[in-house]
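*Asks:* Give me a 3D structure for the following:
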Amino acid sequence: MALDGIVTRAITHDLQRCIGARIHKIHQPTEHELVLSIRGAGVQGKLLLSANPTYPRVHWTTSSYLNPMEAPMFCMLLRKYCESGIIEGIRQIDNERVIHIDVKHRDELGDISVKTIIIEIMGRHSNIILVDPATQTIHDGIHHVTPSISSYRIVMPGSNYTPPPDQSKTNPFVIDSEEQFREAYEHTTEGSAAGKRLVEAFSGLSPLIAKEIAYRAGSDAEDTGAIWRSFESFIGEMRSHRYFPVIKTDETSGKMFFSVTELTHINGDEASYPSVSECLQAFFGDKAQRDTVKQRAADLIRFVQNEKAKNISKITKLEDTLVEAKDAEKYRVLGELLTAYMHQMKRGDTTIELVNFYDEEQAVVTIELDPQLTPSDNAQRYFRRYTKHKNSLTIVAEQMEIARKEIEYFESLLQQLDNAAITDIEEIRDELVEQGYMKERGRRGPKKKKSLKPTLLRYTSSEGVEVYVGKNNTQNEFLTNRLASPSDTWLHTKDIPGSHVVIRGGDFGNATLEEAAMLAAHYSQARDSSLIPVDYTFIRHVRKPNGAKPGFVIYDNQKTLFITPDEGRIKSLVSVSS
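*Replies:* Next comes the predicted model:
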């Protein structure tokens, strides 16, 4: 669902509290996104500015971001002109999806300058541009727009800033009378639905909001007067900044919509939020993060999938070898027969027919001979073939078991990558390097010291008990083997790749046990299933076998719960990174 001018108005109003605050730090975790750490004037938090082509947005965020070792050029430029600067003004341009942030900054010489960060939320044309407001000269943009890309405007260092094309629509917030409304409304396509005409007439109204205004007009939606009254009421709410951030799921299509007003025309489940930022983070956060993780982890996912496929192919080949090896006994019998009837053979024979005295029916068998070998050597040839096949049965069985364990290991890594946050990816990559599957990537600059204490997810149950979750093997091993106490309760999905979960202490009830089991199921390969088996036991009954893969443990004295994850209940648990 597109972020329209009405939502942009709510965001801009929410950001007014930044005025007077200082931009403490600037980071660019991805090619499309900036994170500004804001402090002062009673405000402290992280502001996300995103020009992501799929999920462009601006809002406060509590998410964690992994910053590159070297800051991109645009980030360095913003640090030069805006870091430690004071935010002097934040405004929306007309009712469009454009926000200007004015920053007062003192340069290296002590001179004060003002720069404007312009955020254009325009779908795939979204951009973040740093401009000198005195000359309207562009310092740079997070995305460059060259003459070959656009004939309308250029976004390059040194060029003059040109706003996005005017759509020749009326700003709904300048409408003060029914006469003004009719003049704008009646210049649209006559005969079209009311919602469509509102979109044509007024800037910043998405089809979703326009449909809501038309729906609120009731059965008189074809009457311009009724549409005016509904429009006036809605714009009055927005003008007074009476917002109701909400995410609604259509009960028919299952599609999710967000808005800053009630969506009465949609039937379905509704979740309301205290602020527009929390609403946007809830709607976009997981989607955008999953996309970012997939981009960052794309090479890892391909590598792990290829390794898994190699082992599946290896098992297929080993199964063929196993079939051949099962003929070992046949070669021993043939060797015995040749030994027993050796006096009937001579060098140069290519075959011999002998009675098989091992067979109940005393059948005659034809045995192929190597004419270059003596009768004794021919017999020994079959005995050697028997020994080779017999030995290969043991070797093949061992190799198949190794391959199966490799497949289980790579399946667990794929599950971990599916649940990974940005900060988890490098831990998984480092593990593959340590295990000898991948070569360490060449990195410029000093080698980053590996943290001795990985970051874990820490939840607080409804009973106030701490529950820890490891999202990859590094975290699982630290949680189970080092952090947890012998009397803590350990949970894991039964025979399904997933996370280690630990309930700290023994003073908890059924509610905490159920919630911990839900977390184990949620962070597993079976997260979308129901009645998922989750084993639980004390940590003292969990151990890692010698030589086992990272994250692999065996356990006993367990009990099993069958649990269906309740997403609402999981989200209600307070979670932090620890």
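*Asks:* Report the next helix or strand after the longest helix along the chain in sequence order.
*Replies:* In terms of residue count, the longest helix belonging to the chain (DSSP state H) is helix 375-419. Using DSSP states H and E, the helix or strand that follows helix 375-419 in sequence is helix 422-434.
*Asks:* what lines up beside the helix or strand following that following helix in the sheet?
*Replies:* Note on helix 422-434: by DSSP H and E, the next helix or strand toward the C-terminus is strand 457-460. As defined by DSSP bridges, the strand partners of strand 457-460 come to strand 466-469 (antiparallel), strand 574-577 (antiparallel).
*Asks:* Next, report how far strand 457-460 is displaced from the centre of its chain.
*Replies:* 19 Å (Cα atoms, centre = their mean, to the nearest Å).
*Asks:* Show the average pLDDT along that strand.
*Replies:* Throughout strand 457-460, pLDDT has a mean value of 90.
*Asks:* Buried residues, that strand. List them.
*Replies:* For strand 457-460, the neighbour count (16 or more other Cβ atoms under 10 Å) marks 457, 459 as buried. Any C-beta I mention is one placed from the backbone N, CA and C, and that applies to glycine too.
*Asks:* Tell me how far the residue nearest the centre of the chain lies from Val501.
*Replies:* Taking Cα atoms, centre = their mean, the centroid of the chain lies closest to Arg290, which sits 2.3 Å from it. Distance from Arg290 to Val501, counting by Cβ to Cβ, to the nearest Å: 22 Å.
*Asks:* Strands of the stretch 1-150 of the chain, residue ranges please.
*Replies:* For the stretch 1-150 of the chain, applying DSSP state E, counting those that start in this stretch gives strands covering 22-27, 33-40, 43-50, 57-61, 86-92, 98-106, 112-120, 127-132, 137-141.
*Asks:* And the first one, what does it pack against?
*Replies:* Strand 22-27 makes packing contacts with strand 33-40, helix 73-82, strand 86-92 when contacts are defined by 3 or more Cβ pairs under 8 Å, 6 or more residues apart in numbering; DSSP states H and E.
*Asks:* let's go with 7 Å and repeat that
*Replies:* Other helices and strands packing on strand 22-27, by 3 or more Cβ pairs under 7 Å, 6 or more residues apart in numbering; DSSP states H and E, are strand 33-40, helix 73-82.
*Asks:* distance of the residue nearest to the centre of the chain from Leu36?
*Replies:* Counting by Cβ to Cβ, the gap from Arg290 to Leu36 is 23 Å.
*Asks:* List the residues that contact Lys471.
*Replies:* Applying Cβ atoms under 7 Å, 6 or more residues apart in numbering, we find Lys471 in contact with 416, 419-420, 424, 457, 499, 523.
*Asks:* let's go with 10 Å and repeat that
*Replies:* Neighbouring residues of Lys471 by Cβ atoms under 10 Å, 6 or more residues apart in numbering: 415-417, 419-421, 423-424, 427-428, 454-457, 479, 498-500, 523.
*Asks:* Buried ones only from those residues, please, as a PyMOL command.
*Replies:* Command for PyMOL that selects the buried part of these, burial taken from 16+ other Cβ under 10 Å:
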select buried, resi 415+416+417+419+420+421+424+427+428+454+455+456+457+479+498+499+500+523
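*Asks:* Centroid-wise, who is the farthest residue in the chain?
*Replies:* Within the chain, the residue lying farthest from the chain centre (Cα atoms, centre = their mean) is His343, at 75.1 Å.
*Asks:* is it fair to say it lies in a helix?
*Replies:* Yes. Checked against DSSP: H, G, I helix; E, B strand; the rest coil, His343 lies within a helix.
*Asks:* can you pull the contacts of it?
*Replies:* Applying Cβ under 10 Å, 6+ apart, the residues contacting His343 are Pro375.
*Asks:* can you list contacts of stretch 141-155?
*Replies:* For stretch 141-155, the external contacting residues (Cβ under 10 Å, 6+ apart) are 28, 31-34, 49-51, 53, 72, 74-75, 77-78, 118-120, 124-131, 138, 140, 156-157, 159-165.
*Asks:* Just the CA trace of it, in PDB.
*Replies:* Presented in PDB, the C-alpha positions along stretch 141-155 are these (Å, rounded to 0.1, in the frame of the first residue of the first chain):
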ATOM      1  CA  GLY A 141      21.700  12.500  -4.000                       C
ATOM      2  CA  ILE A 142      21.500   9.000  -2.700                       C
ATOM      3  CA  HIS A 143      20.400   8.000  -6.300                       C
ATOM      4  CA  HIS A 144      21.800   9.900  -9.300                       C
ATOM      5  CA  VAL A 145      19.400  10.900 -12.100                       C
ATOM      6  CA  THR A 146      21.300  11.600 -15.400                       C
ATOM      7  CA  PRO A 147      19.900  13.100 -18.600                       C
ATOM      8  CA  SER A 148      19.800   9.600 -20.100                       C
ATOM      9  CA  ILE A 149      17.400   8.500 -17.300                       C
ATOM     10  CA  SER A 150      15.200  11.600 -17.200                       C
ATOM     11  CA  SER A 151      14.600  14.500 -19.600                       C
ATOM     12  CA  TYR A 152      12.700  16.500 -16.900                       C
ATOM     13  CA  ARG A 153      15.400  16.900 -14.300                       C
ATOM     14  CA  ILE A 154      19.000  16.000 -13.200                       C
ATOM     15  CA  VAL A 155      20.000  14.900  -9.800                       C
END
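*Asks:* per-residue confidence at Leu318?
*Replies:* Note for Leu318: predicted pLDDT of 88.
*Asks:* helix, strand or coil for Lys549?
*Replies:* Following three-state DSSP, the label given to Lys549 is coil.
*Asks:* where's it relative to Ile402, distance?
*Replies:* From Lys549 over to Ile402 the distance is 11 Å, taken as Cβ to Cβ.
*Asks:* who's more crowded, the two?
*Replies:* More crowded of Lys549 and Ile402, by other Cβ atoms under 10 Å: Lys549, with 17 against 14.
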